[in-house]
Each structure stands twice: as C-alpha cells, then as structure tokens.
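# Quick one, structure for this:
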Amino acid sequence: MCSRFSGVALGIGMAFGGGGACYHPEPLDARALLTELRASDPPAAPGASSSVAAAPASLSEDRSVALALLWNRDLRAFRLTRGIAEGEVITAGELQNPQLRMELTHLQRADLAQLGWDARLSWEPPQPGVRAGRRGAASAHLEEVERQISEREWALGCDVRMAHVALLALDEQIRVAQDTVTNRQRLAEVVTRRVERGGTTRFDLDLVRLSLASAERIEGERHLARTLAASTLVQLIGVGPPGGAIMATGELHEDTANAPALNQAEIEDRAFDNRPALAAARARYRMSEETLRAETAARWPWLRLSAAPRVRRNEFFGANTDLVVGVDVTLPIFNTNGGRFQSAKSARDVARAEVMTELVGVRADIARAAASVEAQRAILKRLHTEVEPLLAEHDRLMSVASQATELDLPSLIASEDLVLKSRIELIDARLELRRAWIALERAVGAHVNGSAAPGK
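Numbering: from 1, shown residues only. Predicted coordinates:
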C-alpha cells in the first residue's frame, strides 16, 4: 500500500513540477555595459567605422524628435515599466490554484496491508466583486502607465524642439557676429592704410583693433554656446556626434503679427482631451475606484470548496471507497476587512484630489505660456517696426562711411556695437516667441493652431 501511495505522489509531483517555468539568472556586468557605451561612440579617427547606429550630422526638427523617441535611454527604460503593469493585469485575472492533499490513514495498524490513503482536492472559486475589481484596477493601472509613457514622449519631443530651435538661433547669431567681425576687419584695413599715408593716428588704429578683438570675442562666445546647445541636443536624442558637430536645418519661424489672440477656454478644452498627464490622473482615479470595489466585496462571506471531491480508500474495512464533497464558508466576524476598505476609500479621495491638482497645474501652465506668447509677440512686433528699419539704414550708411575721407571712429564703432546687440536681440526675441509656443503646446499636449510650423 505504501509503495502505491509513493508512486502516486511521485507521479503528481512530476506532472505539476514539470510544468513550472525555469529561472534563468542574468548577472549584471557593469563593465560590459561601459564597453558597450564606448563602442557606440563615434569613431575618433577619420575614416574609422562604427557598427552602432548614429544620428545623422544634419537634423531637422521633426527628424530630431523622431530619433529621440527611438534612442533616448531614459525614455526606453521608462517604457519597460509597461511590462510590469501588463503582468499585474495577468495576475489579477488568474484563478486560484487547486490544492491536492494526500494522506496515509490508520497508521495505528501494525500490518502495512491494513493502511489506507486519502486524497482531497480543494479550490476557492473567484469572488465576483473582488476579482472584477482587481482586474479593473490592474487595467486602469496599465492605462495610467501608458499615459505616463505618452506624457514622457511628448515632454521629450518638446525638449528636443527647444534644443533644436536654440541651435537655429545660435547659428543665426554666429552669422551676425561673423558679419560684424568682417566689417571690423575691413575697417581695420582702411584705417591701417590711412595711418601709412599719415591720414590718421595710431590711436584710431588701436581703437579699431580693440573693437575687432571685442567682436571676435563675441563670436567665440556664440560658438561655445552652440557647442553646449548641440551637446544638449545629442544627449536628448541619445545618439549623435559630440562636440557640436550637429547641423540644425530649418528656419527660426515666427507666427504672423496679425495672428488672432489665444482663447484660454478653447486651449484648456484641447488640453483636457489631449494632455496625457490628465488622462493618467483620471486612470489613477479609476484604479482607486476599482480597488475600493474589490475591498468592499471582500467584506462579504464567501465559500471555499474544501473537498471537491475527497476520495478515501481503505481495503481493510467493508466499504473500500468513501466519496465526500465539502464546502467551507468564511465568516467575516473578527476581520471585516475594515482597514483595507478604509485605505482604499482614502486612496480614492486622494486620487480625486490629484485629478483636481493636475487640472489646476495644467491651467496654470497654459495661462503662463499664453501670456508669454502674447508678450513675446508684442516685443517682436516692436522690434520689427522700430529696429529693423534702423538696421537697414545702418548698413547703407556703413557702406558710405567706409569710403569717406573722414571717419568718426568712436561713433562708428559705438553704432556697430549697438547694431550687433540689436540684431542678436531680434534673434533672441524670435527664439523666445518660438519657445513660448513650444511651452504652450507642451502644456496642451498637442500642437496649437497658430503656432509656428517646425523647420523641415
């Protein structure tokens, strides 16, 4: 009898144990990760090749965003959290495993042939409200994670667009600074020839050379700023040549001066429909609601099939086989699940408050960005109206002054410094208006009508 019992137990163990998944360890080798990162660096020597994909050196705004969504390491790591939420959905929908219990009976008998055995199968069926609530909470959490991923993607796209337009603005500032340096060099050549002919003094030549050095310093500062901005863009994208080798293509667009004023209510409605962060907050509330539903259902009595069936075998007695069916009922007397119910109820209140907080934050972001758009519009309109005509007039007078017999060098150099400052200010104003639009679109979660089209 004992040998038969042992054989049955061994067979059951092999059947159930063989179906389990095997664990495959994956030790972390940080040194290997560092080697992998070094292998992805661009080749140091000319003509060297790299087997790792790299971003092209010339990037439009749309292309930069697309590459960042593909290669940004922080985003790729955050996307992996979706698998955790998917596993929770599977777990919430799984049924309880049945329990098989095997017993030897009548051990007081000295004769082994008189021993009996008992097999009992137990199973707890799913409690409808509890299982449905937990599945609903897990599904809502999965939706929250997906919305959070979308929020990260949209925020990353806006950050990349910010970095790209900053490169465009710095390229324009570098061109302006280079033109200024060229003008100072020509002026230095003119004054040098006049000094050689005795038409002016060395003081004037020193003044021009100092102004040339100042212009070259400003140009160098713009090149350094561009290198840092290009490094920022490369870091956001995740791949690309370091050291400022990226060339940003496109133009620093601006909206028209006669564009209609922004409608706060309409923009807020668009944000309510499109902003992933708001959708994530609503999903958190649904998750808390489903959790409360499950904890409420768990306060009610429920059953467990304790013997479904129970088979008892004893060859010594007259009735060799005994078949039994039993049901256990859990009575919520000492533990009414009050603590978990209270926690779930409070969590729902917290989730409701977080939705309200998110709405308030989005409205504040929209109001701040919209006010910035209107202010930058006014600044840029004033610069177009008042400064641009003066800059054009200065260019005309500068060409005439370079051929004049007498030069008022201090006034000329002072005017050149003001012109350089005004042109950089004009570029900065266009950049700030573009940044204000991007900030508004980031708050809305979608493109806003009237914003400048990205450079292609």
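
# Would you map the strands across the stretch 151-300 of the chain?
Ranges of strands in the stretch 151-300 of the chain, per DSSP state E, counting those that start in this stretch, are 247-248.

# Over to the stretch 1-150 of the chain?
Along the stretch 1-150 of the chain, counting by DSSP E, counting those that start in this stretch, strands occupy 58-59, 99-105, 116-122.

# now the last one: how far from the chain's centre is it?
Centroid separation between strand 116-122 and its chain, computed with C-alpha atoms, centre = their mean, to the nearest Å, is 55 Å.

# Ok, the second one next?
Using C-alpha atoms, centre = their mean, the distance from the centre of strand 99-105 to the centre of the chain it belongs to is 54 Å.

# That one - what's its average pLDDT?
Throughout strand 99-105, pLDDT has a mean value of 83.

# can you give me the angle it makes with strand 116-122?
160 degrees (axes from the mean of the first three to the mean of the last three C-alpha atoms, to 10 degrees).

# residue ranges for the helices of the stretch 151-300 of the chain, please.
Applying DSSP state H, counting those that start in this stretch to the stretch 151-300 of the chain gives helices spanning 202-237, 264-274, 276-297.

# Now do the longest one: which elements does it pack against?
To tie it back to what came earlier, the one meant is helix 202-237. Using 3 or more C-beta pairs under 8 Å, 6 or more residues apart in numbering; DSSP states H and E, the elements in contact with helix 202-237 are helix 61-71, helix 128-197, helix 409-444. For glycine as for every other residue, the C-beta is placed from the backbone atoms N, C-alpha and C.

# out of those, nearest to residue 333?
Closest approach to residue 333 among the helices and strands packed on helix 202-237 (C-beta to C-beta): helix 128-197, 18.4 Å.

# related to what we said a few turns ago, comparing the helices and strands packed on helix 202-237, which gets the lowest mean pLDDT score?
Taking the mean pLDDT of those, helix 409-444 comes last: a mean of 88.

# what's that one packed up against?
Helix 409-444 is packed against helix 128-197, helix 202-237, helix 264-274, helix 338-382, helix 388-401, with contacts defined by 3+ C-beta pairs under 8 Å, 6+ apart.

# got the buried residues for that helix?
For helix 409-444, burial by neighbour count (16 or more other C-beta atoms under 10 Å) applies to 409, 412-413, 415-416, 419-420, 422-424, 426-444.

# ditto for stretch 323-335
Buried residues in stretch 323-335, defined by neighbour count with 16+ other C-beta under 10 Å: none.

# Give me the distance from that stretch to the chain's centre.
Here stretch 323-335 is found 50 Å from its chain centre; the criterion is C-alpha atoms, centre = their mean.

# C-alpha coordinates for it, CSV please?
Coordinates of each C-alpha in stretch 323-335 appear next as CSV, following Å, rounded to 0.1, in the frame of the first residue of the first chain:
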residue,chain,number,x,y,z
LEU,A,323,-16.5,9.8,-1.6
VAL,A,324,-17.1,13.2,0.2
VAL,A,325,-17.9,16.7,-1.0
GLY,A,326,-17.5,19.7,1.4
VAL,A,327,-17.8,23.5,1.4
ASP,A,328,-16.1,25.9,3.8
VAL,A,329,-17.6,29.3,4.3
THR,A,330,-15.6,32.3,5.5
LEU,A,331,-17.5,34.3,8.1
PRO,A,332,-16.3,37.9,8.4
ILE,A,333,-16.7,38.2,12.1
PHE,A,334,-13.3,39.1,13.6
ASN,A,335,-11.9,40.6,10.4
